[in-house]
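**Q** From the sequence below, what's the structure:
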Amino acid sequence: MLPTLIAAVFFLVHSPGGSDIALNSAEVSSIRQRAEMPDQHEDVRCVIVMTNGLSIGVIETCREVINAMAEADKKSGSKP
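**A** Okay, here's the model as predicted:
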């Protein structure tokens, strides 16, 4: 039997405070515009909802988040 290789694909985004946040693209449940979640910090431009229910507000636009996820998936050879 051949061993199975499991690889996590991470992409980098930033919190309103400027901290780097590395997220596993396989754990992203949905991506929402800040307008859909008005309780977020004023500098948040996009909200990433993870499969565990955690909502992460980031300063990147949702288009930038989608592009970062696609680029990370492309570099790893996995499919989005």
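**Q** CA only for contacts and neighbour counts going forward, please
**A** Fine.
**Q** Phe11 and Lys75: what is the separation?
**A** 11 Å (C-alpha to C-alpha, to the nearest Å).
**Q** Name the residue in those two with the higher neighbour count.
**A** Neighbour count, other C-alpha atoms under 10 Å: between Phe11 and Lys75, Phe11 has more, with 18 against 10.
**Q** give the contact list for that one.
**A** Ala22, Leu23, Asn24, Ser25, Ala68, Met69, Ala72 (C-alpha atoms under 8 Å, 6 or more residues apart in numbering).
**Q** Counting by contacts, list what the helix or strand hosting Val47 packs against.
**A** Element membership for Val47, per DSSP states H and E: strand 46-50. Strand 46-50 is packed against strand 28-33, strand 55-58, helix 62-76, with contacts defined by 3 or more C-alpha pairs under 8 Å, 6 or more residues apart in numbering; DSSP states H and E.
**Q** rewinding a little: could I get the contacts of Phe11 in CSV, plus columns for neighbour count and distance to Met37?
**A** Putting the contacts of Phe11 into CSV (neighbours: other C-alpha atoms under 10 Å; distance: C-alpha to C-alpha, whole Å) gives the following:
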residue, neighbour count, distance to Met37
Ala22, 12, 22
Leu23, 18, 20
Asn24, 16, 22
Ser25, 20, 21
Ala68, 18, 21
Met69, 23, 21
Ala72, 20, 26
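**Q** Nearest to Val47, out of those: which one, please.
**A** Leu23 (12.6 Å; C-alpha to C-alpha).
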